[in-house]
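J.: I would like to see how this sequence folds:
(one chain, ligands or ions: 1)
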Amino acid sequence: MSKAIIISNRLPIKIVTKKNKNTLHHSEGGLATGLESVFKKSNDNIWVGWPGMVVKDTDAQLDIENQLAEMHLKPIFLSKKQVDGFYLGFSNATLWPIFHYATNYARYNDADWKIYQEVNEKFAEVIIPLVEDGDTIWIHDYHLLLLPRLIKEKCKNVSIGFFQHIPFPSFEIFRLIPWRKQLLDGMLGADLLGFHTIDDVNHFIDSASRLLDTTINSNVIFYKGEISSVDAFPMGIDFEKFNSKLPKLQATQKDVANLKRQFGDTKIVLSIDRLDYSKGILPRIHAFEQFLQKHSEYKGKVTLFMIVVPSRDSIYRYKELKDEIDKVVGDINARFRTLDWRPIEYFYQSFPVEYLSALYQMSDICLVTPMRDGMNLVCKEYVASRNEEDGVLILSEMAGSSRELGDALIVNPNDIGQIEEAIVAAIKMSPKEQQIRMVKMRQIIEKFNIVHWVKIFMEKLREVKKLQTSFKTK
Ligand code: G6P
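T.: Presented below is the predicted three-dimensional model:
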């Protein structure tokens, strides 16, 4: 029986350290939840990826490998040099800034590129022996752009899907990368390429048509005698988890009660992101500062609850951003605080999902203003958590999710005045209008959930295989 092989840079695990011993647990992240529907169909299914740490000792590697095997996960161990060149270097200091239009932040380093190739090849070497005829291979994200081609060269009778979770930039930006042709060639080893939005799809097709010797018919690309299809699959979330499962848990209810006690009638404006310059954290803080300056009537009545989850903090640009956030938040709190109110409750840490659920339920406004975001799932989690059909979402037009969530207050993340006005509009919005907007958004998030996302991707992949066969038999 054929199986599915899922491949992503990070394995869906969390590491729990107790008494100096690491134990590995399945993480309940969005992708892992969605893929369960594919994954649980067969015991042979496997997920391949990096366990997220450098493990030098071979006995420790074996121990991790055994623990993961029970969860159908296969680790790829990377050396410190590979983590530096592949993960921190080419993936996150070249591709990430370019794909998020932060061109000034990109570095083009030939040594990083070589290691990126080496690690993609390493993934291929581990995966190829696992592949059998008829298997479905689904590769995720920008860390592994060369992998579809590497697998296709060696494995003929398989279906290869690729999904990119971050934006694909316009040709004028993508062309800046010295290795742009090799990257496209690698991606086009996939039978089906998926992106979050139609814009990403169009940008990819534009680059492929200008840079490679391709023939294009709508969403189908003919290249090197092969056929690939490209389409938009906006990723969803596990709606029921945020709508009903988490709110019913005792831990969540305890957190809700604590937040109620802590904040009373104070309105909470929620902001949750990984530390990243693409998330627009600083302009968002400045918009809140402008709100405080212009609306002294809300002094003591509104709090920005801001969670920044540590991420990639050994990359200079991330460290620099962290320092700047610390400084600006400190300055605002010092200037505007009263004896019993701090305008910004700022946390540089991650929180358990139960606490996030409590926050989503308790926040009157959710402020999501990325400069660029492939999709953004925080805003979807907020909407799914609002089972009383109230609350206001303020959402950047640069997030992929803004295509689906037109009933949010849509803002340009560079327009600080517009964000400030949106905060005021959200505070003043009538319960009726909140409900009308929230109900429409909730319907979309419920219908186009994570299981639906996996299902339509897999259906499309089967369709592409049929299309390829029909061309071969002609
Ligand atoms: C983005 C990427 C993911 C990545 C995540 C966290 O959402 O699309 O592939 O896993 O960021 O980043 P990290 O560098 O910690 O894996």
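J.: Tell me the residues of the stretch 251-400 of the chain that contact the ligand?
T.: 311-312 (Cβ under 6 Å from any ligand atom). For the C-beta atoms, the positions are set from N, CA and C on the backbone; glycine is no exception.
J.: low-scoring stretches of the stretch 251-400 of the chain, by residue?
T.: By pLDDT under 70, the stretch 251-400 of the chain has no low-scoring segment.
J.: all strands for it, in order.
T.: Counting by DSSP state E, counting those that start in this stretch, the stretch 251-400 of the chain has strands at residues 267-274, 302-309, 344-348, 365-368, 392-396.
J.: Could you point out which of the ones you listed sits nearest Ile166?
T.: strand 267-274 (12.2 Å; Cβ to Cβ).
J.: Residue in the stretch 351-474 of the chain with the shortest distance to the ligand?
T.: Here the stretch 351-474 of the chain gets closest to the ligand at one residue, Gly374, 6.4 Å apart by Cβ to the nearest ligand atom.
J.: Quick one: residues contacting the closest residue to Asp390 other than its chain neighbours.
T.: Using Cβ to Cβ, 6 or more residues apart in numbering and skipping the chain neighbours, the partner closest in space to Asp390 is Gln434 (4.8 Å). By Cβ atoms under 8 Å, 6 or more residues apart in numbering, the residues touching Gln434 are 389-392.
J.: in what helix or strand does Gln434 lie?
T.: Under the criterion of DSSP states H and E, Gln434 resides in helix 431-447.
J.: Mean confidence (pLDDT) on that helix, please.
T.: Average pLDDT, helix 431-447: 98.
J.: Send me it as CSV with only the CA atoms.
T.: Coordinates of each C-alpha in helix 431-447 appear next as CSV, following Å, rounded to 0.1, in the frame of the first residue of the first chain:
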residue,chain,number,x,y,z
PRO,A,431,-22.0,45.2,19.5
LYS,A,432,-24.4,44.7,16.5
GLU,A,433,-21.7,45.7,14.0
GLN,A,434,-19.1,43.5,15.8
GLN,A,435,-21.5,40.6,15.5
ILE,A,436,-22.3,41.1,11.9
ARG,A,437,-18.6,41.2,11.0
MET,A,438,-17.5,38.4,13.3
VAL,A,439,-20.2,36.0,12.2
LYS,A,440,-19.2,36.3,8.5
MET,A,441,-15.5,35.8,9.4
ARG,A,442,-16.3,32.8,11.6
GLN,A,443,-18.2,31.1,8.8
ILE,A,444,-15.2,31.4,6.5
ILE,A,445,-12.7,30.1,9.1
GLU,A,446,-15.0,27.2,10.0
LYS,A,447,-15.6,26.1,6.5
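J.: and the angle for it with strand 392-396?
T.: Using axes from the mean of the first three to the mean of the last three Cα atoms, to 10 degrees, the inter-axis angle of helix 431-447 relative to strand 392-396 is 60 degrees.
J.: Residue of the protein nearest the ligand, please.
T.: Using Cβ to the nearest ligand atom, the single residue of the chain nearest to the ligand is His165, 3.6 Å away.
J.: about what we covered before: ChimeraX command to pick out the buried ones of the contacts of Gln434?
T.: Only the buried entries of the contacts of Gln434 go into this ChimeraX selection, using 16 or more other Cβ atoms under 10 Å:
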select :391,392
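J.: all helices for the stretch 51-200 of the chain, in order.
T.: Along the stretch 51-200 of the chain, the segments classed as helices by DSSP state H, counting those that start in this stretch run 58-69, 80-82, 96-99, 110-127, 147-154, 171-174, 180-187, 198-211.
J.: Show me what counts as buried in the second one.
T.: Of the residues in helix 80-82, Gln82 count as buried by neighbour count, 16+ other Cβ under 10 Å.
J.: by contact count, what packs against that helix?
T.: helix 110-127 (3 or more Cβ pairs under 8 Å, 6 or more residues apart in numbering; DSSP states H and E).
J.: helices or strands up against the helix it packs on?
T.: strand 4-10, strand 46-50, helix 80-82, helix 147-154.
J.: what sits against the nearest residue to Ile6 once chain neighbours are set aside?
T.: Once flanking residues are discounted, Ile6 sits nearest to Trp47: 4.4 Å by Cβ to Cβ, 6+ apart. Residues in contact with Trp47 (Cβ under 8 Å, 6+ apart) are 5-8, 11-12, 35, 39, 72-74.
J.: Would you mind finding the most buried of the helices of the stretch 51-200 of the chain?
T.: helix 96-99 (a mean of 22; mean count of other Cβ atoms under 10 Å).
J.: helices or strands up against that helix?
T.: Packed next to helix 96-99, using 3+ Cβ pairs under 8 Å, 6+ apart, is no helix or strand.
J.: Quick check: the residue nearest to Ser402 when sequence neighbours are not counted vs Phe163, distance?
T.: With sequence-adjacent residues excluded and distances taken as Cβ to Cβ, 6+ apart, Ser402 is closest to Leu395, at 5.3 Å. Separation of Leu395 from Phe163 (Cβ to Cβ, to the nearest Å): 22 Å.
J.: When those two are compared, which one has more neighbours?
T.: Leu395 (30 against 21; other Cβ atoms under 10 Å).
J.: is that one in a bridge, and if so with what?
T.: Beta-bridge pairing for Leu395 (DSSP bridges): Val368, Ile410.
J.: For it, give me its contacts.
T.: 368-369, 376, 379, 401-402, 405, 408-411 are the contacts of Leu395 under Cβ under 8 Å, 6+ apart.
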